[in-house]
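S.K.: Structure for this input, please:
(one chain, ligands or ions: 2)
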Amino acid sequence: MDRIRIRGGRRLEGRIAVGGAKNAALPLMATGLLTHEAVVLTNAPALSDIATMGGLLAQHGLRVEHDTASRRISLDGAATDFEAPYDLVRKMRASVLVLGPLLARYGQARVSLPGGCAIGTRPVDLHLKGLEQMGAVIELEAGYINARVDGRLKGARILFTQVSVGATENLLMAATLAEGTTELINAAREPEITDLAQCLVSMGARIEGIGTDRLVVQGVDSLHGTTHPILPDRIEAGTFACAGAITGGELLLEGMRLDLFGACTHSLREAGVELLQEADGVRARRLNGLHGVDVMTEPFPGFATDMQAQFMALMAVAEGASMITETIFENRFMHVPELTRMGARINAHGSSAIVRGIGKLSGAPVMATDLRASVSLIIAGLAAEGETVVNRVYHLDRGYERVERKLAAVGAEIDRIAG
Ligand SMILES: CC(=O)N[C@H]1[C@@H](OP(=O)(O)OP(=O)(O)OC[C@H]2O[C@@H](n3ccc(=O)[nH]c3=O)[C@H](O)[C@@H]2O)O[C@H](CO)[C@@H](O)[C@@H]1O
Ligand SMILES: C=C(OP(=O)(O)O)C(=O)O
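M.R.: Ligands and ions are numbered 1, 2, ... in the order given. Have a look, this model is predicted:
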C-alpha cells in the first residue's frame, strides 16, 4: 500500500485548487437511477469513492462515463439489476444511497447492509424506517436489505429522530417520484443536501424548503435528465486551510465559497487564521500565533465532524489548550494516538479530547485507519521536525485527489512512495 512522506518545516504559499465535493458527488451520482435520460455532473473529482460509485451504478445497468480530464461524469440508461453487493458496499458506505432511488423508480432493491466502519457503528435504521413509512416492505436477510413496494412509494410525514445526512438524501430522492407529498422534518441542512435538492429540481422535482430542516416534496410521475455542477469540497478546502495555517502560510483556496464552511469559519478565525472571500476563492492566511480554541462537532452549520481531526492537528501546536468534543460519531479519535506519537499532548476521554499545544511536533512513522485521520497526520507532518511517513494511505485516496501534488505545488516537501 502507498505511503506519504513529508519533511516538515516548509511554509505553504500560493493557489491551491479545490475540487468538487465527494460528499455531494456521491448522492448526485445516485440521481442517475431516477431517470432514463442523461444526468451529467461537471466539476467531478477523481477519487476512488467516485470510481466505486460508478462501478456500482454500472452494475445496476447504467452507462457510466467519467472523463477525468474534463471532470465530467455522465450517467445514462435504465437499471436492469437491483442488487448492491457486499463487496462494493463494504468499500464505501454511501452505496446505500442507491436504495431510495431504486425503490422509487423500480419498486425493488437489494442492498448489502453497510455495517460499521472505523469511526462508528453507523446504522441505517433511519433510512429504512422512512422508506417503510412510505409504504416499502423491508426485510433484513443474510446481511442484505431486501426492499420492495407494490406500485409507487406513498408520500409521508417523516420526522427524523436524529439528524442524518445520508437518510435525508435517500428519503429526498425517494420522495421525488412518490405519490403525493412527503415532508422531511429535522432534515440535515448540509450544503451537499442543498446541492442534491437543486439538481433534483433541475430534473423536474418539486421541492420546497431547500436549505432548511423541513423539506416538502410533491412527488412527480417522472424526472428528466440534467447537467449539474458539483459544489466545491468544503472539507478539502478546510483541510488546506489547516495545512497552510500550521506552516504559518497563506493559501488561496481556489473555487471555494466561504459560506460553505459554517461554524468552521468562526473556529479557524478564533484560532488565528484569517479567511477572506475573494473573487476566485477564499484566502486563508495565518495571522500571528495559533491559539487554542474549543470546538464541538455538530450537524451543519455547526463545526463539521469531517474537519475535527484536521483541526486537532492544528491545535496540537497552538498556544494554550483546547477541548475538542465529537458528538456525531462515537469513535472518531483514532488520530489521537498517532498524533501523540508525533509528540502531541492530547488526552482523550469519551467524546472529548483536551489538546495542550506544544512548540514543535516531531516527525514519526504513523498510520491511519480513516480518511480524515490520514490527512490530519499529513497536516501534523507539515509542521513537524524531520520526516513523517503516513502508512496505509488507502483511505486518503477515497477523498483527496492527488493531495501530495497539490501540497507540493504550494511549497510542501511531500511525496508518495508507491508500494
Ligand atoms: C458520503 C457522506 O456524505 N458522508 C458524510 C455523511 O455520512 P452519513 O450520511 O453516513 O452520516 P449521518 O449524518 O447519517 O450520521 C450522523 C449520525 O447519525 C447516526 N445514524 C445515521 C443514520 C441512521 O439511519 N441511523 C443513525 O443512527 C450515525 O451513526 C451518526 O452517528 O455525513 C457525516 C456527518 O456529517 C459525515 O461525517 C460523512 O462524511
Ligand atoms: C466519513 C467520511 O466519509 P464516508 O461517510 O463516505 O465514510 C468523510 O468524508 O470524512
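S.K.: list the contacts for the closest residue to Gly419 other than its chain neighbours?
M.R.: Nearest in space to Gly419, with sequence neighbours left out and distances taken as C-beta to C-beta, 6 or more residues apart in numbering, is Asp2 at 6.4 Å. Heads up, the C-betas are built off the backbone N, CA and C, glycines and all. Counting by C-beta atoms under 8 Å, 6 or more residues apart in numbering, Asp2 makes contact with 393-394, 397, 416-419.
S.K.: residue in the stretch 301-419 of the chain nearest to ligand 2?
M.R.: Closest residue of the stretch 301-419 of the chain to ligand 2, C-beta to the nearest ligand atom: Asp306 (4.0 Å).
S.K.: Distance of that residue relative to ligand 1?
M.R.: Between Asp306 and ligand 1 the computed distance is 5 Å (C-beta to the nearest ligand atom, to the nearest Å).
S.K.: Please apply the same query to Ser267.
M.R.: 16 Å.
S.K.: do Ile235 as well
M.R.: For Ile235, the distance to ligand 1 - C-beta to the nearest ligand atom - is 7 Å.
S.K.: ok, and the most crowded of the contacts of Asp2?
M.R.: Highest neighbour count within the contacts of Asp2: Val393, with 25 neighbours (other C-beta atoms under 10 Å).
S.K.: which ones are touching that one?
M.R.: 1-4, 368, 374, 416.
S.K.: Would stretch 15-25 count as contacting ligand 1?
M.R.: Yes - with C-beta under 6 Å from any ligand atom as the criterion, ligand 1 is reached by stretch 15-25 at Asn23.
S.K.: Quick one: mean pLDDT over that stretch.
M.R.: On average, the pLDDT along stretch 15-25 is 98.
S.K.: Could you pull out the buried residues of it?
M.R.: 16-25 (16 or more other C-beta atoms under 10 Å).
S.K.: secondary structure class for Leu102?
M.R.: helix (DSSP: H, G, I helix; E, B strand; the rest coil).
S.K.: wait, doesn't it sit right on Thr80?
M.R.: No - Leu102 lies out of contact with Thr80 (C-beta atoms under 8 Å); the separation is 11.4 Å.
S.K.: tell me which parts of the stretch 201-350 of the chain are close to ligand 1?
M.R.: Checking the stretch 201-350 of the chain against ligand 1 by C-beta under 6 Å from any ligand atom, the hits are 305-306, 328-329.
S.K.: so which of the residues you listed is the most crowded?
M.R.: Counting by other C-beta under 10 Å, top hit in those: Asp306 with 26 neighbours.
S.K.: which residue packs closest to that residue, ignoring adjacent ones?
M.R.: Using C-beta to C-beta, 6+ apart, the closest residue to Asp306 is Ile235 (4.6 Å).
S.K.: sorry, back to before: so for Leu102 and Thr80, which residues contact both of them?
M.R.: With C-beta under 8 Å, 6+ apart as the test, Leu102 and Thr80 both reach His60.
S.K.: re the thing from before, any idea which of the contacts of Val393 is closest to ligand 1?
M.R.: Ser374 (13.6 Å).
S.K.: Let's verify the closest one: helix, strand, or coil?
M.R.: Secondary structure, three-state DSSP: Ser374 is helix.
S.K.: Now do the residue nearest to it when sequence neighbours are not counted: how many residues are near it, please.
M.R.: Closest residue in space to Ser374, ignoring its immediate chain neighbours: Ala368 at 3.7 Å, by C-beta to C-beta, 6+ apart. Using other C-beta under 10 Å, Ala368 has 25 neighbouring residues.
S.K.: Now that Ala368 has come up, it's in contact with Met334, right?
M.R.: Yes - counting by C-beta under 8 Å, Ala368 does reach Met334; the two are 7.2 Å apart.
S.K.: Pull up the residues of the stretch 251-400 of the chain that are close to ligand 2.
M.R.: 306, 371-372, 399.
S.K.: do that again at 5 Å, thanks
M.R.: Within reach of ligand 2 by C-beta under 5 Å from any ligand atom, the stretch 251-400 of the chain has these residues: 306, 371-372.
S.K.: May I see those residues arranged in CSV, with distance to His266 as well?
M.R.: Conversion of these to CSV gives the following (distance: C-beta to C-beta, whole Å):
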residue, distance to His266
Asp306, 17
Leu371, 24
Arg372, 20
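S.K.: hang on, the earlier thing: more crowded one of Leu102 and Thr80?
M.R.: Leu102 (27 against 10).
S.K.: rewinding a little: kindly export the host helix or strand of the residue nearest to Asp306 (C-alpha atoms) in PDB.
M.R.: Counting by DSSP states H and E, the element that carries Ile235 is helix 234-246. The C-alpha coordinates for helix 234-246 follow below in PDB (Å, rounded to 0.1, in the frame of the first residue of the first chain):
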ATOM      1  CA  ARG A 234     -15.700  22.400   1.800                       C
ATOM      2  CA  ILE A 235     -13.800  19.700   3.700                       C
ATOM      3  CA  GLU A 236     -10.900  19.600   1.200                       C
ATOM      4  CA  ALA A 237     -10.800  23.400   1.400                       C
ATOM      5  CA  GLY A 238     -10.900  23.300   5.200                       C
ATOM      6  CA  THR A 239      -8.100  20.700   5.200                       C
ATOM      7  CA  PHE A 240      -5.900  23.000   3.100                       C
ATOM      8  CA  ALA A 241      -6.700  26.000   5.300                       C
ATOM      9  CA  CYS A 242      -5.400  24.000   8.300                       C
ATOM     10  CA  ALA A 243      -2.400  22.800   6.300                       C
ATOM     11  CA  GLY A 244      -1.500  26.300   5.300                       C
ATOM     12  CA  ALA A 245      -2.100  27.700   8.800                       C
ATOM     13  CA  ILE A 246       0.100  25.100  10.600                       C
END
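S.K.: which among the buried residues of stretch 15-25 gets closest to Val96?
M.R.: Closest to Val96 out of the buried residues of stretch 15-25 is Asn23 (13.6 Å), distances taken as C-beta to C-beta.
S.K.: ok, and the closest non-adjacent residue to that closest one?
M.R.: Per C-beta to C-beta, 6+ apart, closest to Asn23 is Glu192, 4.8 Å.
S.K.: From the chain's centre, how far out is the helix or strand hosting Arg15? Work that out for me.
M.R.: Element membership for Arg15, per DSSP H and E: strand 13-17. Distance of strand 13-17 from the chain centroid (C-alpha atoms, centre = their mean, to the nearest Å) equals 22 Å.
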